[in-house]
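J.: Here is my input; please provide its structure:
(chains A and B)
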Amino acid sequence: MYAYDHYDQAMVDARVAEFRDQCERRLAGKLTEDQFKPLRLMNGLYLQLHAYMLRVAIPYGTLNAPQMRALADIAEKYDRGYGHFTTRQNIQYNWIKLEDAPDILADLAKVEMHAIQTSGNCIRNISSDHFAGAAADEVADPRPYAELLRQWSSFHPEFSYLPRKFKICVIASESDRAAMRLHDIGIRIVERDGALGAQFYVGGGMGRTPMIAPLIRDFVPLDQLVTYSEACLRVYNRYGRRDNKYKARIKILVHELGAEEYTRQVEEEFAHLLDQGVEPPLAELERIKGYFADPAFDAADVEPDRSDPDFAVWLDHNTHAHKIPGYVSAIVSLKPVGGIPGDATAEQMRVLAELAQEYSFDELRVMHTQNVVLPHVAKADLQAVWQRLNEAGMGTPNADLMGDIIACPGLDYCSLANARSIPIAQRISERFAANGKEAALGELKLKISGCINACGHHHTGHIGILGVDRKGTENYQLLLGGSEAEDTSLAKITGPGFDEHGIVDAVETAADVYLREREHGERFLDTYRRIGMAPFKEALYG
Amino acid sequence: MAEATPLRLRDDEPCMEPAVTLDAFAEQTNAVAVRIEPGGDARELLPHLERLARVDIAFPAFTDGRGYSAARILREAGFAGELRAVGDVLVDQLAYMRRCGFDAFAPDAPIDRADAEAAFARFPQVYQSAADARTPIWALRHGRAE
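T.: Just a heads-up that it's a prediction; the model follows:
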């Protein structure tokens, strides 16, 4: 994985010093809260309901054992002993004191980490496929491109006061495991006639107006990636709406102009920028690629012993095919039955660090589904890994099943939320563990947001839940038929909402319709797409 | 008025002419200073850069970043006159403004020269090529001198 050279380290160190100075000026009253707010946001510091929240960047979701240990130490030293992995492959701490923030950033800088641009109206941390460098179906490891763009977007002088936040995702396979088309810019590395290049999808997003990004350029050569990105951003910075924050994302600009006109403007800007020398040489991309070379894969291809039925179930659900036959990628569930999705204690983080060092070439990945991946585990080691995970409460065999719920922090933490998300996730997880239907249901992606900002990705849940406020009471709308994968679709609302108990029953009702109606091999989503909304509505409201 | 004593990074004599609006500029062929509001298109000035001594770019709110693009566009087109950031210009944005080509600042609330110098010196290097003369890190890594 990428390692800082002295330039990268100096930049992050300078940022820590800058933020320390800004915090001191804020605490001394020399900066107003209005002046300070964008600065602290660009260092990942949000003001939530009860305290400051600090969001730490995990670029393209990749981290090593020392970094995970540092995250554990921060959880213990500055928070309440745990952290929360997010849908953008980052980690956030919910109980931070403003005066501690510069020290936390300094601790992070020691392990080549930061919180730069994890919030604010700027280019955010770049996300990617959690199986990058391990998946059998990728044309290349997408992370070097993400790292190139990370550096380009860090402290970008022109694009730090955009109309709104800006999220970029880079993948390199037809399968989409990163919700690529639901980003402001989604990039897919593709191969055409033996050459690699990039597809650019622009103008996707969730929030209150969900949109699937249209393809605006089918092939950008690798030596024009930065220039093309710059053109996309400049058109947005100049013409994105600033009169209404709810219409300020690039998806609204692309929608209002039309993809064709937006593309025309980008191409014009791109033609101009090609002469401006903004593109790093391919040698820089090659330098970065060097850090992502394969580790020394040398394990024999031995099938694991499936005689323990619990282990066999975990193998079936929580491992993913690796490009090297002797290995798999193992998904560590942060979704124990009745638990808080994405939370991990400092102790669990340290177990993950140990396992990464012992069994996965010192690498971990954070998934947008709020789980963690050990990307390169020899098949022969799987049973040992599973046992250690189980002992630490991270061996739940539920990847992509009903219990693998994405949920935003909701009204338990967030000042924007209208309703709680976490308790709904906990009750549904408990219900389906108790009724034994989880295994029968198979792949079923449930996603819960506590307000229309959609941090819990409810628009793209096979089943989505949206918490709203109805006359002072929490109310939950049910949505069906979304997908964040390569078959991207947006979920539709079934009808009137439910109270916090009713929504759990409603989810079970929808699941039962699927179990009754499914044809062989169909997932919940497939059945919904075939039979439509009517049978579900009938069962829910009939 | 702050505008009377702008913070300048240039050695030449400041152009003291009042700036006309972009709309008025189209009519007044003798104007040498123009002011661009956030919604204005800097590219309208490109045919006239030769006769412009100063362009003021307005920041009614520091959070509105359109002026950064306007500045860079003018520099990319070869504008060599004074590029002045006017309005809600704060010390924490100065370094980015300079990178986009601004070389004069007329903030609503005065900025101490020493604070400005400290802001310009904060980051030892830069990651991108922009409108200033700084050599990006990627170029330093591959042999270009600072």
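J.: Run through chain A and note the low-pLDDT ranges.
T.: Nowhere does chain A drop to pLDDT under 70.
J.: what separates whichever residue of the stretch 51-200 of chain A sits closest to chain B from residue B:72, distance-wise?
T.: Nearest to chain B in the stretch 51-200 of chain A, going by CB to the nearest CB, is residue A:161, at a distance of 2.8 Å. Glycine gets a C-beta too; all of them are placed from N, C-alpha and C. Distance of residue A:161 to residue B:72, given as CB to CB, to the nearest Å: 13 Å.
J.: who has more neighbours, the two?
T.: Set residue A:161 next to residue B:72 and count neighbours by other CB atoms under 10 Å in any protein chain shown: residue B:72 wins out with 26 against 23.
J.: Quickly find the element holding that one.
T.: If you go by DSSP states H and E, residue B:72 is part of helix B:66-76.
J.: wait, does that helix contact chain A?
T.: Yes: for helix B:66-76, a contact with chain A is found by CB under 8 Å from any CB of the partner chain, at B:66, B:68-70, B:72, B:76.
J.: Return the list of strands paired to the next helix or strand along the chain from that helix, each annotated with direction.
T.: Sequence order places strand B:82-87 as the next helix or strand after helix B:66-76, per DSSP H and E. Sheet pairing of strand B:82-87 (DSSP bridges) gives strand B:54-59 (parallel), strand B:104-107 (parallel).
J.: relative to helix B:66-76, how tilted is the longest one?
T.: Right, the one you point to is strand B:54-59. Put simply, strand B:54-59 runs at 160 degrees to helix B:66-76, going by axes from the mean of the first three to the mean of the last three CA atoms, to 10 degrees.
J.: Residues touching strand B:54-59, excluding its own?
T.: B:14-15, B:17, B:19, B:32-38, B:42, B:45, B:67, B:70-71, B:74, B:79, B:81-89, B:102, B:104, B:106 (CB atoms under 8 Å, 6 or more residues apart in numbering or on different chains).
J.: Ok, stretch A:299-316 next?
T.: Residues contacting stretch A:299-316 (CB under 8 Å, 6+ apart): A:324-327, A:378-383, A:386, A:395, A:397, A:439.
J.: I'd guessed residue A:428 sits against residue A:504; true?
T.: Yes: with contact defined as CB atoms under 8 Å, residue A:428 reaches residue A:504; the gap is 5.5 Å.
J.: With neighbour numbers in mind, choose between these two.
T.: Neighbours were counted for residue A:428 and for residue A:504 using other CB under 10 Å; residue A:428 has more, 24 against 21.
J.: How far does the helix holding residue B:72 sit from its chain's centre?
T.: In terms of CA atoms, centre = their mean, to the nearest Å, the centre of helix B:66-76 is set 8 Å apart from its chain centre.
J.: Can I get the helix ranked longest in chain A in PDB, CA atoms only?
T.: Longest helix of chain A, by residue count under DSSP state H: helix A:6-27. Taking C-alpha atoms only, helix A:6-27 is exported to PDB below (Å, rounded to 0.1, in the frame of the first residue of the first chain):
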ATOM      1  CA  HIS A   6       9.000  13.300   2.900                       C
ATOM      2  CA  TYR A   7       6.800  15.500   0.800                       C
ATOM      3  CA  ASP A   8       3.600  13.800   1.800                       C
ATOM      4  CA  GLN A   9       4.700  13.800   5.500                       C
ATOM      5  CA  ALA A  10       5.600  17.500   5.400                       C
ATOM      6  CA  MET A  11       2.200  18.400   3.900                       C
ATOM      7  CA  VAL A  12       0.300  16.500   6.600                       C
ATOM      8  CA  ASP A  13       2.500  17.900   9.400                       C
ATOM      9  CA  ALA A  14       2.000  21.500   8.000                       C
ATOM     10  CA  ARG A  15      -1.800  20.800   8.100                       C
ATOM     11  CA  VAL A  16      -1.600  19.800  11.700                       C
ATOM     12  CA  ALA A  17       0.300  23.000  12.600                       C
ATOM     13  CA  GLU A  18      -2.200  25.100  10.600                       C
ATOM     14  CA  PHE A  19      -5.200  23.500  12.300                       C
ATOM     15  CA  ARG A  20      -3.600  23.900  15.700                       C
ATOM     16  CA  ASP A  21      -3.200  27.600  15.000                       C
ATOM     17  CA  GLN A  22      -6.800  27.900  13.800                       C
ATOM     18  CA  CYS A  23      -8.100  26.100  16.900                       C
ATOM     19  CA  GLU A  24      -6.100  28.400  19.100                       C
ATOM     20  CA  ARG A  25      -7.500  31.500  17.300                       C
ATOM     21  CA  ARG A  26     -11.000  30.100  17.600                       C
ATOM     22  CA  LEU A  27     -10.600  29.400  21.400                       C
END
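J.: Quick one: distance of it to the chain centre.
T.: For helix A:6-27, the distance to the chain centre is 26 Å (CA atoms, centre = their mean).
J.: Equivalent analysis for stretch A:20-29, please.
T.: With CA atoms, centre = their mean as the basis, the mean position of stretch A:20-29 lies at 32 Å from the chain mean.
J.: Buried ones in it, by neighbour count?
T.: Using 16 or more other CB atoms under 10 Å in any protein chain shown as the test for burial, stretch A:20-29 gives A:21-23, A:25-26.
J.: and residue 26, what is it in contact with?
T.: Let's take chain A. By CB under 8 Å, 6+ apart, the neighbours of residue A:26 are A:33, A:36, A:40, A:98.
J.: wrong one, I was asking about chain B
T.: Per CB under 8 Å, 6+ apart, neighbours of residue B:26: residue B:44.
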